[in-house]
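Peer 1: have a look; sequence and predicted model below, questions after that.
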Amino acid sequence: MTMQTTQPTYRLEQKRKITGEFPGPKSAELGARRAKVVAGGVASSVPVYVADADGGIILDVDGNSFIDLGSGIAVTSVGASDPAVAAAVSEQVGRFTHTCFMVSPYEGYIAVAEKLAALTPGDHEKRTVLFNSGAEAVENAVKVARIATGRTAVVAFDHAYHGRTNLTMGLTAKANPYKSSPAGSFGPFAPEIYRVPMSYPFREEAEIKGEDAARRAITMIEKQIGAENVAAILIEPIQGEGGFIVPAEGFLPALTAWAKEKGIVFIADEVQAGFCRTGAWFASEHEGIVPDIITMAKGIAGGMPLSAITGRADLLDAVHPGGLGGTYGGNPVACAAALAAIQTMEEQDLNGRARAIEEQVMGRLRALAGEVDIIGEVRGRGAMLALEFVQSGTAGSTKEPNAAATKAIADACLKAGVIILTCGTYGNVVRLLPPLVISDELLADALDVLEGAIREAAAA
Ligand SMILES: *Cc1c(COP(=O)(O)O)cnc(C)c1O
């Protein structure tokens, strides 16, 4: 049986266009208004303000069209105005916007839970809880693991990112800007969080097998925490903010096997990697692991705020009635959007689309890496791809991070009309997160711009 797939349709012309000065006068005016009322702690990657967005294009208030290689941080995988999502949201808004599932429940919440039970790895019985943000999902996965195990310790990894609330700041590895800066700290942070080494193939001192990298982390847990004290191991199967780090093959299976043996809840934080982003519904699938609990958000609902935890029924049902929830968690409009977004992912085979994007981007970037010596590594899966930049001539030796080149490349791309995001513990990674509905032609144009910016930075 062949699957019938539909093609995306676009409202906005899918073409890059920069007109006149940059940022334009209307964006400059909004920037001035913003400076008077919006807190300085909230930073934006680009200085232009959005008027419209569709497919792979973001249109600013001055009429500039940018190619979007960020998807609002891996959120708008189905596009920023998918017609199916827009219709589902309108329909739901016309009936009711909110009742609170904890007060008077509705079908959409249940339908999303059914969908997540079917899509997440493993055919065991599952339960789901819905929330609003990724951080909230992570917090609640930890709450469940602690109740279910009667233990308190949580293990997180080097280069991890899990959010900005108090608990998730503590779970996040990078200090500046998430936890502190030289000017001050957001702490104190929550106790009983322990950090162990990640498998980061590009930055290992010597090549190390995935199983051995897992053993290194496990030994540290056994010696410094005690397996019997650990409620949960929390890990991004492909790390996001930390630098799109794909662990060595065998690392995740060895960790899950050991966690299972010790009665430790294995939580996969798929907030960034989930929902077709890596060419599979979840990044966990690439290594055949079945997490006890999965956290989800970003790509789940076509841009509407929704997050979820789905996991083993025995774990989730260990929590007393009333122990989990929140006023807005599983908002009916967000649930309608999620059901429509997931349907678009299925109908347009966005997993296949992500794999096609990988082929198109990787082919070009690997060839470029052979010519340009500031590219340390090209990595990632599906449409979650990254370039790690190093100082010229150090790729085969000290691999000195090159944050300056990374920033120069992002700036040059923006001026030419391509929005790209950076990340990484050392600020030296360009990450590519195009909407999965981007056309081949638009992506090719963006890659031309990126390649030019990289060659320029390498020659500087
Ligand atoms: C973005 C992110 C979070 C936090 O999600 P928010 O919705 O910003 O709270 C948590 N984990 C991972 C892996 C993320 O990428």
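Peer 2: That came in fine, so what should we check first?

Peer 1: can you tell me if stretch 287-297 touches the ligand.
Peer 2: Yes: with Cβ under 6 Å from any ligand atom as the threshold, stretch 287-297 lies in contact with the ligand, specifically through residue 297. All C-beta atoms are positioned from the backbone trio N, CA, C, and that covers glycine.

Peer 1: can you get me a residue count around whichever residue of the chain sits closest to the ligand?
Peer 2: Here the chain gets closest to the ligand at one residue, residue 134, 2.2 Å apart by Cβ to the nearest ligand atom. Residues lying near residue 134 (other Cβ atoms under 10 Å) number 28.

Peer 1: ok, the one 5 residues further on next?
Peer 2: Counted with other Cβ under 10 Å, the neighbours of residue 139 add up to 21.

Peer 1: wait, it touches residue 168, no?
Peer 2: Yes: Residue 139 is in contact with residue 168 according to Cβ atoms under 8 Å; the separation is 6.3 Å.

Peer 1: check contacts around the residue of the chain closest to the ligand.
Peer 2: Under the criterion of Cβ atoms under 8 Å, 6 or more residues apart in numbering, the contact list for residue 134 reads 162, 163, 269, 271, 272, 295, 297, 298, 307.

Peer 1: now do residue 269
Peer 2: For residue 269, the residues meeting the contact criterion (Cβ under 8 Å, 6+ apart) are 134, 138, 141, 162, 234, 235, 236, 295.

Peer 1: give me the subset of the residues you listed lying in helices.
Peer 2: Secondary structure of the contacts of residue 269 is defined by DSSP state H; positions in helices are 134, 138, 141.

Peer 1: surely the last one and residue 235 touch.
Peer 2: In this case it means residue 141. No: in terms of Cβ under 8 Å, residue 141 does not count as a neighbour of residue 235; the distance is 11.6 Å.

Peer 1: so what sits against both of these two?
Peer 2: 267, 269.

Peer 1: let me know the closest of the contacts of residue 134 to residue 341.
Peer 2: In terms of Cβ to Cβ, no member of the contacts of residue 134 lies closer to residue 341 than residue 298, at 11.1 Å.

Peer 1: list phi and psi for the closest one.
Peer 2: phi 10, psi -80 (degrees, to the nearest 10).

Peer 1: my read: it touches residue 271, true?
Peer 2: Yes: the pair formed by residue 298 and residue 271 meets the contact definition of Cβ under 8 Å, at 5.5 Å.

Peer 1: for the helix or strand harbouring residue 342, buried residues please.
Peer 2: Counting by DSSP states H and E, the secondary-structure element that holds residue 342 is helix 332-347. Of the residues in helix 332-347, 332-346 count as buried by neighbour count, 16 or more other Cβ atoms under 10 Å.

Peer 1: residue contacts, the residue most central in space within the chain?
Peer 2: Residue closest to the mean C-alpha point of the chain, counted by Cα atoms, centre = their mean, is residue 272 at 1.8 Å. Taking Cβ under 8 Å, 6+ apart, we find residue 272 in contact with 73, 74, 134, 236, 238, 240, 241, 298, 384.

Peer 1: ok, now residue 301?
Peer 2: Neighbouring residues of residue 301 by Cβ under 8 Å, 6+ apart: 85, 334, 335, 337, 338, 341.

Peer 1: domains in the protein, by residue range?
Peer 2: Domain segmentation of the chain under automatic domain parsing yields 25-68+349-459, 84-347.

Peer 1: CSV for the ones you listed, including distance to residue 14 and mean pLDDT?
Peer 2: Rendered in CSV, the data for these read as follows (distance: least, Cβ to Cβ, whole Å; pLDDT from 0 to 100):
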stretch, distance to residue 14, mean pLDDT
domain 25-68+349-459, 5, 97
domain 84-347, 17, 98
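
Peer 1: would you list the ones you listed in CSV and tack on distance to residue 10?
Peer 2: Shown next, in CSV, are the domains of the chain (distance: least, Cβ to Cβ, whole Å):
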stretch, distance to residue 10
domain 25-68+349-459, 4
domain 84-347, 13
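
Peer 1: tell me the mean pLDDT for stretch 14-22?
Peer 2: What stretch 14-22 shows for mean pLDDT is 90.

Peer 1: identify the residues contacting that stretch?
Peer 2: Contacts of stretch 14-22 with the rest of the structure, by Cβ under 8 Å, 6+ apart, involve 48, 55-57, 62-67, 415-418, 439, 441-442, 445-446, 449.

Peer 1: hmm, try it at 6 Å
Peer 2: The contact list for stretch 14-22, computed with Cβ atoms under 6 Å, 6 or more residues apart in numbering, reads 55, 56, 57, 63, 64, 65, 67, 417, 439, 442, 445.

Peer 1: among those residues, which pair sits farthest apart?
Peer 2: 63 and 439 (20.9 Å).
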